[in-house]
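Engineer: give me a model of this one.
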Amino acid sequence: MEALHPDQWEWSRFYRQVHLGIGLDLEQYKPSQLRRRILNFASYHEAPTLDALWEHISDSPDGLRSFTDQLAINVSEFYRDPTKWEELKDRVLPSLLERKRSLRCWSAGCSFGAEARTLSLVLDVHFPAEHEILGTDIDRDALDRAMAGAYVETEMRNVPPGVRATYFEPGLRKGEAVFRQPATQKLSFERKNLLKDPAEGTFDLILCRNVMIYLTDSAKDGLLRSFHSSLNEG
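Structural biologist: This is a model prediction of the structure:
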């Protein structure tokens, strides 16, 4: 099939159809990365135009789900960028725990849960208490993986051996390990669109990494304001 080359008017109409149809405002994402993913999706489903693509994805719940999942960027691993986790452990968490013993935390854009579960590990190993962690993402397939808690070797390469022996058990598939959630902590996952759905309640800590790089400056500003209003004092 010949490659699609939509003009600006066609893109604007498609954006409007998506916004009205499923409430996802594509104008808030940087166009270069977003449009490349949409065109790849259109090519895979052999849609000759953006109008035909919209007909395809709006025709069934599965079409809408696969489209929104295509737009998500699910690259993650445990202890991603280890120096940042050391900084969190040595400086940020002790400061927060001077004020209160139990923390409520949010992993915003959690993908398949590696970030939320890394935070759970850091808290249980170094600051054991009844902490609460919420992970949210727009991608349903990623959230299904997050709730299952099964991970492959490449996603666990930074997990210390002692932590791995304590908190993971062999999975059903070769090379897979399943996370054992600490009994003292409440860890949950929910589907949320960060640009649309407000978080319920307030938090002591919000982690949001490798998400805002895909957003426009105005969308980033709105998201940061939303995060600020969701943080507890201090």
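Engineer: can you give me the end-to-end distance of stretch 182-193?
Structural biologist: This stretch, stretch 182-193, spans 28 Å end to end (Cα to Cα, to the nearest Å).
Engineer: meant to ask about stretch 170-189, not that
Structural biologist: When the termini of stretch 170-189 are compared using Cα to Cα, they are 22 Å apart.
Engineer: all helices for the protein, in order.
Structural biologist: Assigned by DSSP state H, the helices in the chain fall at 8-22, 31-44, 50-58, 61-71, 82-87, 93-97, 114-126, 140-148, 161-167, 217-230.
Engineer: for the first one, packing partners?
Structural biologist: Based on contacts counted as 3 or more Cβ pairs under 8 Å, 6 or more residues apart in numbering; DSSP states H and E, the elements that helix 8-22 packs against are helix 31-44, helix 50-58. Every residue, glycine included, has its C-beta placed from N, CA and C.
Engineer: of all the helices of the chain, which one is nearest residue 155?
Structural biologist: When those are compared by Cβ to Cβ, helix 114-126 sits nearest residue 155, at 5.9 Å.
Engineer: could I get the CA-only coordinates of the closest one as PDB?
Structural biologist: Once non-C-alpha atoms are left out, helix 114-126 reads as follows in PDB (Å, rounded to 0.1, in the frame of the first residue of the first chain):
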ATOM      1  CA  ALA A 114       8.700  -1.500  37.000                       C
ATOM      2  CA  GLU A 115       9.000   2.000  38.400                       C
ATOM      3  CA  ALA A 116       6.200   1.600  40.900                       C
ATOM      4  CA  ARG A 117       7.600  -1.700  42.000                       C
ATOM      5  CA  THR A 118      11.100  -0.400  42.300                       C
ATOM      6  CA  LEU A 119       9.800   2.300  44.600                       C
ATOM      7  CA  SER A 120       8.000  -0.400  46.600                       C
ATOM      8  CA  LEU A 121      11.400  -2.300  46.900                       C
ATOM      9  CA  VAL A 122      13.300   0.800  48.000                       C
ATOM     10  CA  LEU A 123      10.700   1.700  50.600                       C
ATOM     11  CA  ASP A 124      10.400  -1.900  52.000                       C
ATOM     12  CA  VAL A 125      14.200  -2.500  52.100                       C
ATOM     13  CA  HIS A 126      15.200   0.900  53.600                       C
END
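Engineer: what sits closest to the residue nearest the centre of the chain if chain neighbours are left out?
Structural biologist: The centroid of the chain falls nearest to residue 109 when counting by Cα atoms, centre = their mean (2.4 Å). Sequence neighbours aside, residue 211 is the residue nearest to residue 109 in space, at 3.8 Å (criterion: Cβ to Cβ, 6 or more residues apart in numbering).
Engineer: any idea how far that neighbour is from residue 146?
Structural biologist: According to Cβ to Cβ, to the nearest Å, residue 211 and residue 146 sit 15 Å apart.
Engineer: the two: which is more packed in?
Structural biologist: Between residue 211 and residue 146, residue 146 has the larger neighbour count (other Cβ atoms under 10 Å), namely 27 against 18.
Engineer: ok, the more buried one touching residue 109?
Structural biologist: No. Residue 146 is not in contact with residue 109 according to Cβ atoms under 8 Å; the separation is 11.6 Å.
Engineer: what touches both of the two?
Structural biologist: Listed as contacting both residue 146 and residue 109 by Cβ atoms under 8 Å, 6 or more residues apart in numbering are residue 137.
Engineer: shaky segments in this protein?
Structural biologist: For the chain, the stretches with pLDDT under 70 are 1-2, 72-75.
Engineer: sounds good, over and out.
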